[in-house]
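Engineer: what would the 3D arrangement of this be:
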Amino acid sequence: TNIAPSTTKNYAYASYSLGYTYFKQKDYSYALNHFQKYVNNPMEGEENDEMILADAYNRIGDCYMSRRRYSEANDYYKKSLEVSSVNGDYSLYQQAYIAGLQGNYSGKVALLDKMTAAYSSSVYAADALYEKGRSYVQTGNRSAAVEAFKKIVDEYPQSANARKACNELAMIQYESGDVSAAAQSYLHVVQQYPN
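Structural biologist: Model prediction:
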């Protein structure tokens with residue numbers, strides 16, 4: 001039987017691979033085109049591998065993020081999570097980030113909480129805590145922000161977020177009039193992160 005090239009498994013995976021090639025080159029327009037070919041290409045007798053399909057949806061979301069088309073990006077991050085929860089921490093983190101960009105800080109915090117509850121050992125855990133702290137800063141909830149930033153310093157002391165969290169703590173302390181505590185926090189940054 002004659003099978004159209006666009007319906008073969010190799011064609012679909014070639015589209016996915018080309019999508020990544022362009023994505024790594026930061027050519028998001030071509031990357032988006034190829035990832036969409038992958039997710040929209042029905043293959044005769046084959047189903048798209050769920051993890052690859054979920055990853056392609058995440059990359060489509062990333063391509064839309066690069067264009068600041070947050071609604072479309074959010075839709076694809078949701079699709080990714082619907083297909084496979086294996087890398088759902090990334091999908092949820094990105095959805096939370098978009099909520100923050102749109103000024104929905106309570107929605108952002110809720111999504112970050114959902115992410116950390118479902119993926120307690122996520123590589124994005126320190127990032128999620130930092131973003132949660134920033135959301136609290138944006139809404140004026142200083143005590144919750146301090147709690148989030150201290151948790152980063154305690155649980156992820158070697159992360160880049162720990163240094164930023166110390167700076168955030170110092171700024172909150174200074175703005176609250178606790179100059180001595182702010183000085184100690186800045187001193188901690190200098191001692192722990194000399195570079």
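
Engineer: so which strand or helix has Val109?
Structural biologist: helix 105-118 (DSSP states H and E).

Engineer: which residues does whatever helix or strand comes next after that helix contact?
Structural biologist: With elements assigned by DSSP H and E, the helix or strand that comes after helix 105-118 is helix 125-139. Surrounding helix 125-139, the residues in contact under the criterion Cβ atoms under 8 Å, 6 or more residues apart in numbering are 93, 96-97, 100, 105-106, 108-109, 112-113, 115-116, 119, 122, 142, 144-145, 148-149, 151-152, 155-156, 159, 161-162, 164-165, 168, 172. Bear in mind the C-beta positions are built from the backbone N, C-alpha and C, glycine included.

Engineer: just the CA trace of the helix holding Val109, in PDB.
Structural biologist: Extracted in PDB, the C-alpha atoms of helix 105-118 (Å, rounded to 0.1, in the frame of the first residue of the first chain):
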ATOM      1  CA  TYR A 105      -0.800  36.700  41.900                       C
ATOM      2  CA  SER A 106      -3.200  34.600  43.900                       C
ATOM      3  CA  GLY A 107      -3.600  32.300  40.800                       C
ATOM      4  CA  LYS A 108       0.100  32.100  40.500                       C
ATOM      5  CA  VAL A 109       0.600  31.100  44.100                       C
ATOM      6  CA  ALA A 110      -2.200  28.500  43.800                       C
ATOM      7  CA  LEU A 111      -0.500  26.900  40.700                       C
ATOM      8  CA  LEU A 112       2.900  27.000  42.400                       C
ATOM      9  CA  ASP A 113       1.400  25.300  45.500                       C
ATOM     10  CA  LYS A 114      -0.200  22.700  43.200                       C
ATOM     11  CA  MET A 115       3.100  22.100  41.500                       C
ATOM     12  CA  THR A 116       5.100  21.700  44.700                       C
ATOM     13  CA  ALA A 117       2.500  19.400  46.200                       C
ATOM     14  CA  ALA A 118       2.400  17.100  43.200                       C
END
